[in-house]
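K.L.:
generate a structure from the sequence data that follows.
(one chain, ligands or ions: 2)
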Amino acid sequence: MQSSSSSASTPAAASGLVFDLGSAAGVPETHAWPGVNEYPSVESAGRDVVPVVDMGVACPDATRALARAADEWGVFLLVGHGVPREVAARAEEQVARLFVLPAPDKARAGRRPGEPTATGYGRPPLALRFSKLMWSEGYTFRAATVREEFRRVWPDGGDDYLRFWCMRAPSDVMEEYDREMRALGGRLLDLFFMALGLTDVQFATGETERRIRETWTATMHPILYPRCPEPERAIGLTAHTDSGFITLIMQSPVPGLQLLRRGPDRWVTVPAPPGALIVMLGDLFQVLTNGRFRSPIHRAVVSRERERISVPYFLCPPEDMTVAPLASALLPGRKAVFRAVTWPEYMEVKHKVFGTDAPALEMLQLQVDEEEQGERAATT
Ligand SMILES: O=C(O)CCC(=O)C(=O)O
Ligand SMILES: [Fe+2]
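P.N.:
Numbers count the residues shown, from 1 in each chain. Ligands and ions are numbered 1, 2, ... in the order given. I've put the predicted structure just below:
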């Protein structure tokens, strides 16, 4: 493996690309994380079974299952979601093709330092807390700009890439996937609003709810976690919460995502049944629901035997939207416990604390007198 110091002068290194982690004989110090095994890793079993929500069942049952999962875990496996198997398979295949491209091709799409949005190809940023690198590489792009992005990766192919590979153009594949995921996000949002106790009529006409559904932005972030010769010393993606509203994750049939559960602290591994998607709630959804539905702490671990690909699809507010607890989410007599915030304001806070122990969401928390909160609820 090329070390980060010896590759510092190449354009690929400048753009933050990782080289050939998959063929490394050991984990170099640059990638050796302290504390990876601080808490035990456990399977999804017994009291730790990761919830499954089936959207194919009758609506009240799906809503109840979703409310329970969002309350207790903030994450669940989603089946019966209606995304056609062949659409997901094409996107998965496309992403896998991207990851096997030669490094110079990926470097053409490398992250452009200094740009406001961290889009492009590269590795996750250095975690300040440990000054360590993670065992993964990924490609972040706005779903709406996939065509421009892929022209950077395949400048000569353009949309004719179709003929070159005898397959659909890569951007067509990802646009098709984007349409399906966005539609699924809308269906899920309706279920979440119902789970908050809103009736059909209210959620269809509520101004804020309608604006979220119509304006939310989508960012895709395919990630490759190469095989790792010493998985107990490395981390694929360090512990964090997602920042936006809802993340929809398609993953290879290789488990690797883990959720932090407390008392006693442990990492629960999310299973990877074929066809299921993972739904993960983000910090700003916690704000919207006034803390009722939580954004869980999660991380990704790596495996000695198998590489893993995951494709998170982040649904986030547009930059000019001020996100505050929904009036409809406030239980009778309860006050808002978070202050209003825009996406850029929140991301600034998140970047400052990335890789530290400080939870960014706490910085939005308002001082609400617990006793007063209790009394108000009791008298309503
Ligand atoms: O690899 C995964 O399943 C999760 C990735 C993730 O947590 C993220 O990109 O925020
Ligand atoms: Fe995440």
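K.L.:
what does the stretch 101-250 of the chain put close to ligand 1?
P.N.:
Applying CB under 6 Å from any ligand atom, we find that the stretch 101-250 of the chain lies next to ligand 1 at 221, 223, 237, 242, 249. The way it works is simple: take the backbone N, C-alpha and C, and place the C-beta from them, glycine included.
K.L.:
which ones among those residues are found in strands?
P.N.:
Residues of these located in strands (DSSP state E): 223, 237, 249.
K.L.:
which residues touch Pro40?
P.N.:
Each residue near Pro40 by CB atoms under 8 Å, 6 or more residues apart in numbering is listed here: 266-267.
K.L.:
apologies, that question was intended for Pro264.
P.N.:
Pro264 makes contacts with Tyr39, as judged by CB under 8 Å, 6+ apart.
K.L.:
coming back round to it: make CSV from the residues of the stretch 101-250 of the chain next to ligand 1 and add pLDDT and neighbour count to it.
P.N.:
Output for these, formatted as CSV (pLDDT from 0 to 100; neighbours: other CB atoms under 10 Å):
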residue, pLDDT, neighbour count
His221, 94, 18
Ile223, 96, 25
Leu237, 93, 23
Asp242, 94, 24
Ile249, 98, 23
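K.L.:
farthest pair within these?
P.N.:
Spanning the widest gap among these are Ile223 and Asp242, at 13.1 Å by CB to CB.
K.L.:
what touches both of the two?
P.N.:
Pro312.
K.L.:
low-confidence ranges in the stretch 1-150 of the chain?
P.N.:
For the stretch 1-150 of the chain, the stretches with pLDDT under 70 are 1-19, 113-117, 124-130.
K.L.:
if we go to 80?
P.N.:
Residues of the stretch 1-150 of the chain that meet the criterion pLDDT under 80 lie in 1-20, 22, 111-118, 123-130.
K.L.:
and the residue of it nearest ligand 1?
P.N.:
Gly138 (7.3 Å; CB to the nearest ligand atom).
K.L.:
wait, doesn't that residue sit right on Pro222?
P.N.:
Yes. Taking CB atoms under 8 Å as the definition, Gly138 is a contact partner of Pro222 at 6.2 Å.
K.L.:
can you give me the strands for the stretch 51-200 of the chain?
P.N.:
Ranges of strands in the stretch 51-200 of the chain, per DSSP state E, counting those that start in this stretch, are 52-54, 75-79, 120-122, 137-142.
K.L.:
now render those as CSV, adding mean neighbour count.
P.N.:
Listed next are the strands of the stretch 51-200 of the chain as CSV, based on neighbours: other CB atoms under 10 Å:
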stretch, mean neighbour count
strand 52-54, 19
strand 75-79, 21
strand 120-122, 25
strand 137-142, 22
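K.L.:
between the ones you listed, which gets nearest to Gln286?
P.N.:
strand 75-79 (12.3 Å).
K.L.:
what pairs with that closest one, parallel or antiparallel?
P.N.:
According to DSSP bridges, strand 75-79 has the following sheet partners: strand 52-54 (parallel), strand 277-281 (antiparallel).
K.L.:
figure out which of those strands is closest to Met194.
P.N.:
Set against Met194 and scored by CB to CB, these come closest in strand 52-54, at 12.8 Å.
K.L.:
from the chain's centre, how far out does the closest one sit?
P.N.:
The chain centre lies 19 Å from the centre of strand 52-54; the measure is CA atoms, centre = their mean, to the nearest Å.
K.L.:
how about stretch 69-78?
P.N.:
14 Å.
K.L.:
end-to-end on that stretch?
P.N.:
The first residue of stretch 69-78 is 11 Å away from its last residue (CA to CA, to the nearest Å).
K.L.:
numbering from 335 from now on, please.
P.N.:
OK, 335 is where the count begins now, so the last one is stretch 403-412.
K.L.:
what's it in contact with?
P.N.:
Applying CB under 8 Å, 6+ apart, the contact partners of stretch 403-412 are 384-387, 389, 399-400, 522, 526, 529, 582, 593, 604-605, 607, 610-615, 620, 626-630, 632.
K.L.:
roughly how far does Ala443 sit from Pro504?
P.N.:
12 Å (CB to CB, to the nearest Å).
K.L.:
so Phe648, which of the three states?
P.N.:
strand (DSSP: H, G, I helix; E, B strand; the rest coil).
K.L.:
tell me the secondary structure of the residue lying closest to it once chain neighbours are set aside, please.
P.N.:
With CB to CB, 6 or more residues apart in numbering as the criterion, Phe648 has its nearest non-adjacent residue at 4.5 Å, and that residue is Thr553. Assigned with three-state DSSP, Thr553 falls in the strand class.
K.L.:
how about the helices in the stretch 335-484 of the chain?
P.N.:
Secondary structure of the stretch 335-484 of the chain (DSSP state H, counting those that start in this stretch): helices located at 345-348, 393-406, 419-433, 437-441, 480-487.
K.L.:
average pLDDT for the strand or helix carrying Tyr680?
P.N.:
In this structure, Tyr680 is located in helix 677-687 according to DSSP states H and E. Average pLDDT, helix 677-687: 87.
K.L.:
and it, what does it pack onto?
P.N.:
helix 617-622 (3 or more CB pairs under 8 Å, 6 or more residues apart in numbering; DSSP states H and E).
K.L.:
and the helix it packs on, what's its mean pLDDT?
P.N.:
Per-residue scores along helix 617-622 average to 95.
K.L.:
quick one: contacts of whichever helix or strand comes after that helix?
P.N.:
Of the helices and strands lying after helix 617-622 in sequence (DSSP H and E), the nearest is strand 632-634. Strand 632-634 has contacts (CB under 8 Å, 6+ apart) with 409, 470, 557, 559, 569-575, 590-594, 601, 614, 642, 644.
K.L.:
return the per-residue confidence for Asp490.
P.N.:
As predicted, Asp490 sits at a pLDDT of 70.
K.L.:
and it, how close does it get to Gln428?
P.N.:
In this view, Asp490 and Gln428 are 18 Å apart by CB to CB.
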